[in-house]
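Chemist: Attaching a predicted model along with its sequence, questions to come.
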Amino acid sequence: MAIQQKLSLMIPGPTPVPERVLQALSRHPIGHRSKEFQDLVESTSKNLQWLHQTQNDVLTITGSGTAAMEAGIINTLSKGDKVICGENGKFGERWVKVAKEFGLEVIKIDSPWGTPLDPEAFKKVLDEDKQKEIKAVILTHSETSTGVINDLETISSYIREHSTALSIVDCVTSLGACNVPIDEWELDIVASGSQKGYMIPPGLSFISMSQKAWEAAEKSNLPKFYLNLKSYKKSLLSNSNPYTPAVNLIFALDESLKMMREEGLHNIFFRHNKHKLAMCNAVKALNLKLFADENYLSPSITAIKTEGMDAEEFRKKIKNNFDILLAGGQDHLKGKIFRVGHLGYVNDRDIITVVSSISKTLLDLGRITSQEAGEALVVVSKYLEKN
């Protein structure tokens, strides 16, 4: 009988889960209306505000990041409202579809996949809206499908200048990986998911709501029941949840947030940036090309072109030979790129291992020399040595 394989997740989600979190996850469930559970909700709520850098309500939903984004849209907008949607990848494309599904009038601002959204394009449309008809700007911060991070700080400043429009932001793969100071940037609605920077399994999503967002919620007429955020806000006042929550995932969340506080926000952001720099420079040392604009690389994932070879076959070799799972390209990028996740519970050893595995595979395929494989590791070590 073969030994159990030791699969290493180097994808943008689900991400690796720490042993401490797994142990918390395995606890016997408790009643979700008990005092013990209320104490747990109180603890996680305070730590979620710390992580989000906000005094706003941060609500926890049993559902994926898409549930949180949909909740942000349907709780603050009404049918026929005019919104701007930024699209430069798969997830921006999704928010366009969601907005149209709920009868919103969408003004799309896009850029080619692999390039960032242009903040000035948002400014132009917002400045031209003299009647203040635009009710929200919906965009993705870290576009997982392409490895691009958008300039949220600048775009959000233009949204504030408009004064009427809400910011509704997908921070699913940026929150917990890079600086997203919600109160400083005055972001209205920020959504994220548990299986990313939070270092726990899929199943929970989180949504931060500003006072301006709650005021908009009073006028919203889009249908909602399970995702009615007013119910979650009311329940949070008594450290509860309107419906049966994923109790054991809350155990895991409590432990992961404690780990994050122990590491500290600055160190978390530094670690993700260090791994981003190590990966992108290793890619260049291996004679591969980055898919994303090098000035706008996501701290969570590196997308790599595979010119002259099939990316899916390459990923298959890495998985079969090294038990490392890499992500593939989506839609028209399938077979053309592969993506290396370095989000959440990832350390220097993981980066060295994945670069070594990619180097060995390229060497076996005759794409690089042994000297180039060695040089890639020297480059990685250089960036990982930084503290």
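Modeler: It's in.

Chemist: need the contact list for Trp95.
Modeler: Met69, Ile73, Cys85, Glu87, Ile138, Leu139, Thr140, Asp170 (C-beta atoms under 8 Å, 6 or more residues apart in numbering). C-beta: built from backbone N, CA, C; applies to glycine.

Chemist: What helix or strand is the third one located in?
Modeler: Right, the one you point to is Cys85. Per DSSP states H and E, Cys85 falls inside strand 82-87.

Chemist: Quick check: what element follows that strand along the chain?
Modeler: helix 90-101.

Chemist: Which strands and helices lie in contact with whichever helix or strand Glu42 is part of?
Modeler: Using DSSP H and E, Glu42 sits in helix 35-52. On a contact count with 3 or more C-beta pairs under 8 Å, 6 or more residues apart in numbering; DSSP states H and E, helix 35-52 meets strand 57-62, strand 204-209, helix 247-263.

Chemist: Point out the most buried one among these.
Modeler: Highest mean neighbour count among the helices and strands packed on helix 35-52 (mean count of other C-beta atoms under 10 Å): strand 204-209, with a mean of 26.

Chemist: related to what we said a few turns ago, determine which two of the contacts of Trp95 are furthest apart.
Modeler: Ile73 and Glu87 (15.0 Å; C-beta to C-beta).

Chemist: neighbour count winner among those two?
Modeler: For Ile73 versus Glu87, neighbours defined as other C-beta atoms under 10 Å are more numerous around Ile73 (27 against 23).

Chemist: Return the distance of that one relative to Ala67.
Modeler: Distance, Ile73 to Ala67, using C-beta to C-beta, to the nearest Å: 11 Å.

Chemist: What is the three-state secondary structure of Cys277?
Modeler: Quick fix: residue 277 is Leu, not Cys. Using DSSP: H, G, I helix; E, B strand; the rest coil, the structure places Leu277 in helix.

Chemist: Just give the closest residue to it, not the sequence neighbours.
Modeler: Take Leu277 and drop its neighbours on the chain: the residue closest to it by C-beta to C-beta, 6 or more residues apart in numbering is Tyr383, 4.8 Å away.

Chemist: and the one helix or strand the one you found maps to, what's its mean pLDDT?
Modeler: Using DSSP H and E, Tyr383 sits within helix 370-384. Mean pLDDT, helix 370-384: 95.

Chemist: ok, now stretch 351-361?
Modeler: Stretch 351-361 shows a mean pLDDT of 97.

Chemist: ditto for stretch 175-183
Modeler: Averaging pLDDT along stretch 175-183 gives 98.

Chemist: so how far does that stretch reach from one end to the other?
Modeler: 14 Å (C-alpha to C-alpha, to the nearest Å).

Chemist: again with stretch 212-222
Modeler: For stretch 212-222, the first and last residues are 18 Å from each other (C-alpha to C-alpha).

Chemist: Which parts of the protein are helices?
Modeler: 19-25, 35-52, 65-74, 90-101, 119-128, 152-162, 182-185, 211-217, 229-236, 247-263, 265-285, 311-322, 348-364, 370-384 (DSSP state H).

Chemist: Ala191: which of the ones you listed is closest?
Modeler: For the helices of the chain, proximity to Ala191 was assessed by C-beta to C-beta; helix 65-74 is nearest, at 3.6 Å.

Chemist: CA-only coordinates of that closest one in PDB, if you can.
Modeler: Written as PDB, here are the backbone C-alpha positions of helix 65-74 (Å, rounded to 0.1, in the frame of the first residue of the first chain):
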ATOM      1  CA  GLY A  65     -16.600  35.300  -1.200                       C
ATOM      2  CA  THR A  66     -19.100  35.600  -4.000                       C
ATOM      3  CA  ALA A  67     -21.900  35.500  -1.400                       C
ATOM      4  CA  ALA A  68     -20.400  38.500   0.400                       C
ATOM      5  CA  MET A  69     -20.000  40.400  -2.900                       C
ATOM      6  CA  GLU A  70     -23.600  39.700  -3.900                       C
ATOM      7  CA  ALA A  71     -24.700  40.700  -0.400                       C
ATOM      8  CA  GLY A  72     -22.900  44.000  -0.800                       C
ATOM      9  CA  ILE A  73     -24.700  44.700  -4.100                       C
ATOM     10  CA  ILE A  74     -28.200  43.600  -3.200                       C
END
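
Chemist: got a list of contacts for it?
Modeler: Looking at helix 65-74 with C-beta under 8 Å, 6+ apart, the contacting residues turn out to be 61, 94-95, 98-99, 102, 104, 136, 138, 168, 170, 172, 189, 191-193, 196, 205-207, 209, 213, 220, 222-224, 227, 229.

Chemist: Surely Phe251 touches Leu40?
Modeler: Yes: assessed by C-beta atoms under 8 Å, Phe251 is found in contact with Leu40 at 7.3 Å.

Chemist: Break this protein down into its domains, please.
Modeler: Following the assignment in automatic domain parsing, the chain carries domains at 8-14+264-384, 19-262.

Chemist: I'm done for today, thanks for sticking with me.
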